[in-house]
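Student: generate a structure from the sequence data that follows.
(one chain, ligands or ions: 1)
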Amino acid sequence: MQDLEENREKGIENQECFLYNVNMILFVSENVARTPFGPLTFWKGGEPMELLKQRIRQDGTVKGNDVLKVDSFLNHQMDVALFAEIGKEFQQRFDGCGVNKILTIEASGIGIACVTAQFFRCPVIFAKKSQTRNIAGDVYTTKVESFTHGKVYDVIVSQKFLGPEDKVLIIDDFLANGAALEGLIDLVKQAGADLAGAGIVIEKAFQPGGDRLRAKGIRVESLARVKSMSEETGIEFVD
Ligand code: 5GP
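Tutor: This is a model prediction of the structure:
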């Protein structure tokens with residue numbers, strides 16, 4: 001407890017810590033400290049990824065007030081060497097969580113998810129946006145409103161590929177209002193699978209998705225968090 005106080009005085013907040021409680025010692029290193037009495041504190045996430053932030057500053061462009069275009073390296077042309085660094089970072093953050101499946105949503109999450117899966121040595125499932133539900137056999141299905149197109153899609157995953165034996169890491173390129181992530185979490189729940197958390201490349205922290213999901217106890221790890229952005233002033237990060 002003394003260490004904790006000393007670190008607080010030094011301004012170190014995002015730390016592993018010990019909590020003492022009569023005859024119980026609880027080691028806390030996850031997003032939410034789970035006590036028998038419920039969630040105790042919010043995960044603040046790991047260090048932001050400097051390499052990624054530099055790249056966003058260099059090559060990202062802002063459209064309007066809320067769309068960040070990173071299609072020269074992330075979601076149209078893809079810088080696979082950068083993806084490998086991103087995948088390694090996710091692997092380090094979720095190391096020891098027992099992840100055996102990565103789940104993403106088509107289309108722009110697929111590249112990142114595949115490279116990340118190499119570090120976890122596990123398969124990737126991408127949820128399909130479908131109007132026809134023409135996937136063979138039984139499917140889990142949910143609805144997601146697309147941030148970029150404003151449309152609502154049915155999103156499906158075959159029941160063959162996700163079940164109660166799975167520990168799932170969700171990967172996506174962006175987190176904005178949280179609709180994509182909530183849809184994917186719903187699919188994980190329908191499958192009776194366990195959720196390790198979500199790895200997000202760029203979170204637009206001025207939009208509500210990240211805070212809402214963390215408040216629900218979901219571990220959300222974002223590698224770069226944008227505090228604000230505009231065509232005039234450029235991009236500012238949370239930290
Ligand atoms: P959400 O569902 O959290 O509102 O939005 C997440 C999804 O919308 C991501 O899968 C991503 O494809 C897309 N998206 C959200 N914001 C942006 C953005 O600023 N730029 C780009 N390129 N895609 C975005």
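
Student: and the protein, which residues reach the ligand?
Tutor: Residues of the chain lying close to the ligand (C-beta under 6 Å from any ligand atom) are 67-69, 75, 108, 147-148, 172-181, 209. In this view, the C-beta of every residue, glycine as well, is placed from N, C-alpha and C.

Student: do that again at 8 Å, thanks
Tutor: 63, 66-71, 74-75, 105, 108-109, 144-148, 172-183, 202, 204, 207, 209 (C-beta under 8 Å from any ligand atom).

Student: from these, which would you call buried?
Tutor: The neighbour-count criterion (16 or more other C-beta atoms under 10 Å) marks 68, 70, 74-75, 105, 108-109, 144, 147, 172-183, 202, 204, 207, 209 among these as buried.

Student: spit out the contact partners of S72.
Tutor: D59 (C-beta atoms under 8 Å, 6 or more residues apart in numbering).

Student: among the buried ones among the residues of the chain next to the ligand, which are in helices?
Tutor: Judged by DSSP state H, those include 179-183, 209 as members of helices.

Student: can you list those residues in a markdown table and add distance to F120 and pLDDT?
Tutor: Formatted as a markdown table, those follow (distance: C-beta to C-beta, whole Å; pLDDT from 0 to 100):
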| residue | distance to F120 | pLDDT |
| --- | --- | --- |
| A179 | 25 | 97 |
| A180 | 20 | 97 |
| L181 | 19 | 98 |
| E182 | 23 | 98 |
| G183 | 22 | 98 |
| G209 | 24 | 98 |
